[in-house]
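Chemist: From the sequence below, what's the structure:
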Amino acid sequence: MSYLGVGVSPGNVPVYHMTDSRVVDRRVRMAELVLRCLISVLGIVACVLVATDTQVKEIFSIQKKAKFTDMKALVFLATANGIVAAYSLVQALRCVVSMVRGNVIFSKPLAWVIFSGDQVMAYVTVAAVGAAAQAAVFAKLGQAELQWMKICNMYDKFCNQVGEGIASALLVSLSTVVISGISAFNLFRLYGGNKAKSSARW
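Modeler: This next block holds a predicted model:
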């Protein structure tokens with residue numbers, strides 16, 4: 001026997017059936033908001049660390065300046081993190097509006113747009129981190145077969161700051177992967193059998 005979503009067990013103890021899905025929805029929304037804010041902050045940090053990194057060395061009375069534009073992988077990393085930070089900020093604002101209003105319909109077209117955007121951001125950030133990490137390994141260890149020298153022996157400050165930027169970007173890429181999983185969950189549950197009963201809100 002049930003009345004207004006409250007079931008009565010044989011021991012006459014009220015059992016709530018609908019609260020579990022609402023609690024899950026609330027936790028998913030909160031996790032998404034926190035992750036999107038984290039991505040925005042760390043993306044900006046990574047972009048600033050890489051884009052502002054320079055070091056000047058004097059070699060045989062000639063000044064040589066190392067900057068992030070000398071390595072295309074670092075340009076890609078800074079650009080990708082700037083884009084994903086802006087995207088995540090917009091999505092975080094959407095999450096806040098949805099949580100405040102509480103009854104915004106999460107339609108399938110909107111869910112597909114968010115899912116697709118999150119997938120693109122995840123792939124782009126992972127690719128950027130992979131390219132930058134490979135460039136960093138060459139800078140740190142060199143490549144004897146190609147006669148590439150270990151430039152981090154000369155530009156130690158530059159390499160250290162780049163490493164910090166790559167570490168921040170790595171956290172961004174891992175967070176975007178988690179976010180893409182959350183958006184996939186939000187999308188495909190709309191196709192579930194009890195989608196009308198479970199939260200059609202977002």
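Chemist: quick one: buried residues of the helix or strand harbouring Arg27?
Modeler: Using DSSP states H and E, Arg27 sits within helix 19-51. Counting neighbours by 16 or more other C-beta atoms under 10 Å, one finds that the buried residues in helix 19-51 are 25, 28-29, 32-33, 35-47, 49-51. The C-beta positions use only the backbone N, C-alpha and C, and glycine is treated the same way.
Chemist: Can you classify the residue nearest the centre of the chain by secondary structure?
Modeler: Centroid check for the chain by C-alpha atoms, centre = their mean gives Thr176 as the closest residue, at 2.9 Å. Here Thr176 is recorded as helix under DSSP: H, G, I helix; E, B strand; the rest coil.
Chemist: go on, Glu164?
Modeler: Quick answer, by three-state DSSP: Glu164 is helix.
Chemist: Surely it touches Thr52?
Modeler: No - Glu164 is beyond contact range of Thr52, at 11.4 Å (criterion: C-beta atoms under 8 Å).
Chemist: who's more crowded, the two?
Modeler: Taking other C-beta atoms under 10 Å, Glu164 and Thr52 do not tie; Glu164 has more neighbours (15 against 12).
Chemist: who touches the residue nearest to Met154 when sequence neighbours are not counted in this structure?
Modeler: Nearest residue to Met154 in three dimensions, chain neighbours excluded: Lys57, at 5.5 Å (C-beta to C-beta, 6 or more residues apart in numbering). Taking C-beta atoms under 8 Å, 6 or more residues apart in numbering, we find Lys57 in contact with 63-66, 154-155.
Chemist: Of those, keep whichever come out buried.
Modeler: For these, buried by 16+ other C-beta under 10 Å: 66, 155.
Chemist: Select from the contacts of Lys57 every entry located in strands.
Modeler: The strands in this structure, assigned by DSSP state E, contain 63-66 from the contacts of Lys57.
Chemist: could those go into JSON lines alongside pLDDT?
Modeler: Output for the ones in strands among the contacts of Lys57, formatted as JSON lines (pLDDT from 0 to 100):
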{"residue": "Gln63", "pLDDT": "73"}
{"residue": "Lys64", "pLDDT": "78"}
{"residue": "Lys65", "pLDDT": "77"}
{"residue": "Ala66", "pLDDT": "77"}
